[in-house]
Structure formats: structure tokens, C-alpha cells
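> I need the structure of the sequence given here:
(one chain, ligands or ions: 1)
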Amino acid sequence: MIKPVRLLLLGGTTEATEIARILSELPNVSVIFSLAGRVRKPIVPKGEFRIGGFGGVEALREFLVREEISAVIDATHPYAVRMTAHAQRACGQIEIPYLSVVRSAWRPVFGDQWHVVKNVGEAATIATRLADRIFLTVWRQEITTFADYTDPWFLIRSIDPPLGPLPPRHELLLQRGPFSLVEELRILNDYRITIIVSKNSGGIATYAKIEAARMLSIPVVLIDRPAPVPGATVDTVSAAKQWIYDVVL
Ligand code: NAP
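The predicted model follows:
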């Protein structure tokens, strides 16, 4: 019997789940699906999986050798720069193929009022300068950046409860996307939101808030994407599938 090709799939995105499904249908391919463990109830596809950091580049390299991994597909969140850098370096050191799957960023269209910023600190400065009822849709570990802003009121949306101190005037919505346009319009209206803070996640699952903001002429402070990674990168699941056929199988 031919030994199966063994892949490491770094997850956390809808693309990762979809790639896992595609790989599960291929004969003679075995996959380890890996998650950071950032959410309490992660969505894990069928098959072999692990949760939690590897412990840095050296430990990841050892993991790849021990598990006889022949290629790494990195479908982490577009802002997960550390994991991506570690995976690229570890693959480079043992000379196995590495692919980054990063969905395209949203692009502004007519009517969008975007303030593009470099990081969450800049987002806090600008959003609190421009408005006083702020819809925060950033990652739960980043909400603490807004904790010292005592005057504005915040609507904080997060899958799990935020970590660290929160701004004193806030309401918490514990929800997981995808979100519809109707839902987002209702939230913006009901809570009288005057600005949104978001990452440029791309994709459709969380795009409705951007559309709703456009319809209601509400500005959006958008934290820009990190610099693109060098090396093999694709922006769709179908391109990732093609890469797997071309390079790995
Ligand atoms: P990161 O900062 O690039 O990763 C930090 C560390 O977490 C990595 O060095 C690695 O630990 C571990 N890690 C990350 N992804 C992993 C995976 N798939 N499998 C195993 N270990 C993994 O990425 P992040 O902490 O996930 O988040 C960075 C950004 O992503 C945030 O700014 C946030 O906006 C966004 N985000 C992430 C998630 C999520 O679920 N991960 C969800 C929403 C948003 P070791 O060095 O120990 O190997």
C-alpha cells in the first residue's frame, strides 16, 4: 500500500474548514487540522486535529519532522502574522512546500466612508475623536485598548467574552457570524451607532456591517491588512486545491 501524503492544515477560517473537507475526499491524503484555540467552542472538521500553539518555530519544525508532514497549508486568519511567519520559517528550514491562503481584503465602493488605520491603537484614537457611540467588532483580546476611553459608549460584539479591562460605558453582544444585512441594519439603528471599528477581514461572513454602514452613511474605522507574505499565496479555496494537485500530490 502507498504511504499517504501527510499535510498540516493551519485553521481558524472558513476557507480552512472548506479545504479540510476537500482534502478528506482525496484518496491517500491524511491531514492534521490545527487551531490556535482562541474560541471556546471551535468549529473543527471531521478527522485528526490538534488545538493550541506549537511553542515557536523550532517546536513547529520538530512537529513537522515527527509527524512526517510533506506540506503545510496555512489558512489562518488574515491578521495571524506570527503563525504565518513561524510556519514559513519552519517549512523553509526542512524544505517542504508551504502555501498561504488569504482571502482578498474588502475594497471600498461608492458611498463607503472608511478611515483606514494601521493598528487597533490608531483605531481607538480616531474612532473616539470622530464619534461617541462606537460599534467594536475587533478581536476580543484587543478590546482592552479602548478601556481608558471613559466618555464614548461602546457596543462590543465578540464570540466569547472579551479578555482584560473594558471601557466603562458599554454593552456586550456575544454572537458568532455570519451576520445578515437585516441584522446589521437593525443593530446600527437600535443602538444609534455613529461609527464602526473593524478589521478588513474580507469574505462575506462579516461584510454585511460594511454594507449597512454604507446604507446609513455611518463611517467605518478599518484596521488595515498586514503586509502580504512572500512566497506561495492564493486567495481562494479552489486555487488552494489546484496548488495541492500541482505541488503536493
Ligand atoms: P498569531 O498572532 O499569528 O499567532 C500567535 C500564536 O498562536 C502563534 O505563534 C502560535 O503559537 C499560535 N497559533 C496561531 N494560529 C495557530 C494555529 N492555527 N494552530 C496552532 N497554533 C496557532 O495569530 P492569532 O493569535 O490566532 O491571532 C492573530 C490575529 O488574528 C488577531 O489580531 C485577530 O484579529 C485575528 N483573529 C484570530 C482568530 C483565531 O481564532 N485565531 C479569530 C479571530 C481573529 P506558537 O508560536 O506557540 O506555535
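
> in the protein, where's the longest helix?
Determined from DSSP state H, the single longest helix within the chain is helix 81-94.

> and the residue in the chain that the ligand sits nearest to, backbone torsions?
Here the chain gets closest to the ligand at one residue, residue 53, 2.4 Å apart by Cβ to the nearest ligand atom. Placement of C-beta: from N, CA and C, glycine included. With angles defined as degrees, to the nearest 10, residue 53 sits at phi -60, psi 160.

> can you check the one 4 residues further on too?
The main-chain torsion angles of residue 57 are listed as degrees, to the nearest 10 and equal phi -60, psi -50.

> tell me how many other residues crowd the nearest residue to residue 56 once chain neighbours are set aside.
Of all residues not flanking residue 56 in the chain, residue 86 sits nearest, at 6.7 Å (Cβ to Cβ, 6 or more residues apart in numbering). Residues lying near residue 86 (other Cβ atoms under 10 Å) number 22.

> for the one 3 residues further on, same thing?
Here the count is done by other Cβ under 10 Å, and residue 89 has 15 residues near it.

> how far away is it from residue 110?
According to Cβ to Cβ, to the nearest Å, residue 89 and residue 110 sit 42 Å apart.

> swap in residue 62?
51 Å.

> which of those two has more residues huddled nearby?
Applying other Cβ under 10 Å to residue 62 and residue 110 shows that residue 62 carries more neighbours, namely 14 against 5.

> ok, and what's touching the helix or strand containing that one?
Under the criterion of DSSP states H and E, residue 62 resides in helix 57-66. With contacts defined as Cβ atoms under 8 Å, 6 or more residues apart in numbering, helix 57-66 is touched by 8, 54, 69, 72, 86, 87, 89, 90, 91, 93, 94, 96.

> tell me the angle it makes with helix 81-94.
Orientation check (axes from the mean of the first three to the mean of the last three Cα atoms, to 10 degrees): helix 57-66 against helix 81-94 gives 50 degrees.
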